[in-house]
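# pasting the sequence and the predicted model now:
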Amino acid sequence: MENNRRKVLWMIVTVLSFLLVLNRTAALPAGVDYDCNAKENRDQPTTIEIVLSQKWKARSEEVKQALTADSKTVKVRVRIYPFLDPPTNIGIGKCVTAEDARRAIHEAVADYGKLDRVIRQDILPHHWIKIGSTDIAELAWIPITPEDLTRLTDPALSTEQFQNLYRQLATPKERKRPFGMGNEKIEEEPQK
């Protein structure tokens with residue numbers, strides 16, 4: 001008898017929780033886009049999170065200094081990778097300036113020797129750069145070529161041009177199926 005009461009009470013709590021979540025998500029405005037140039041978002045600092053291998057542990061302060069050089073709006077978080085070398089990927093949020101992004105790319109190449117993957121931008125915090133990220137699933141890492149990296153580091157690109165190019169490079173070209181079942185080519189949407 002007591003077990004049945006607990007089950008009924010648990011079901012009621014579960015249903016009420018579900019309805020509360022459903023009500024909250026229905027109240028969210030659809031299609032609201034984050035405006036990087038809005039007054040409340042303009043002064044947000046850029047946070048760079050870099051994962052270094054054990055061999056760079058003693059030089060972590062040097063890496064921090066290189067990433068914050070000439071910038072008062074950059075915060076750096078350094079983590080040490082417990083194994084040999086961290087992944088050679090980079091993720092750049094949509095509100096990061098081209099200058100900060102290029103500095104992060106140059107430092108990542110100097111520390112890792114290469115960068116061969118970019119992280120999808122739609123899952124990154126807007127004001128963050130993640131270098132050597134291990135906390136984002138590999139399905140969100142998009143391979144790039146050295147030529148693509150050279151295009152990204154072109155100093156002639158404005159922030160808007162840089163962000164457009166990054167989004168283009170970080171858009172998946174194929175959908176990866178789970179459990180190693182292959183890939184499926186994504187149809188490109190026509191340009192508007």
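On my side now, so go ahead.

# the protein: strands as residue ranges?
46-52, 74-80, 89-92, 117-119, 128-131, 141-143, 174-176, 183-185 (DSSP state E).

# for residue 6, find the nearest of these.
Set against residue 6 and scored by CB to CB, the strands of the chain come closest in strand 174-176, at 42.2 Å. Using the backbone N, CA and C atoms, a C-beta is placed for each residue, glycine as well.

# what helices or strands is that closest one leaning on?
Packing contacts for strand 174-176, counted by 3 or more CB pairs under 8 Å, 6 or more residues apart in numbering; DSSP states H and E, involve strand 183-185.

# so can I have CSV of the strands of the chain showing mean neighbour count, distance to residue 59 and mean pLDDT?
Converted to CSV, the strands of the chain look like this (neighbours: other CB atoms under 10 Å; distance: least, CB to CB, whole Å; pLDDT from 0 to 100):
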stretch, mean neighbour count, distance to residue 59, mean pLDDT
strand 46-52, 22, 8, 93
strand 74-80, 16, 10, 92
strand 89-92, 27, 19, 96
strand 117-119, 22, 24, 95
strand 128-131, 25, 15, 95
strand 141-143, 17, 26, 93
strand 174-176, 12, 36, 74
strand 183-185, 10, 39, 73
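
# ok, now how distant is the most centrally placed residue in the chain from residue 154?
The centre of the chain sits closest to residue 124, judged by CA atoms, centre = their mean, with a distance of 3.3 Å. According to CB to CB, to the nearest Å, residue 124 and residue 154 sit 22 Å apart.

# ok, back up a step: which one, of the strands of the chain, ends up nearest to residue 108?
Here strand 128-131 is closest among the strands of the chain (CB to CB), at 4.7 Å.

# got a list of contacts for that closest one?
46-51, 89-93, 96, 100-101, 104, 107-108, 111, 119, 124, 136 (CB atoms under 8 Å, 6 or more residues apart in numbering).

# one more pass at 10 Å, please.
With contacts defined as CB atoms under 10 Å, 6 or more residues apart in numbering, strand 128-131 is touched by 44, 46-52, 63, 67, 74-78, 86-96, 100-101, 103-105, 107-108, 111-112, 115, 119, 124, 136.

# give me the distance from stretch 161-168 to the chain's centre.
Mean-position distance between stretch 161-168 and its chain equals 14 Å (CA atoms, centre = their mean, to the nearest Å).

# one more: stretch 161-180?
Counting by CA atoms, centre = their mean, stretch 161-180 comes out at 12 Å from the chain centroid.

# what are the buried residues along that stretch?
Using 16 or more other CB atoms under 10 Å as the burial criterion, the residues of stretch 161-180 that qualify are 162, 163, 165, 166, 169, 170.
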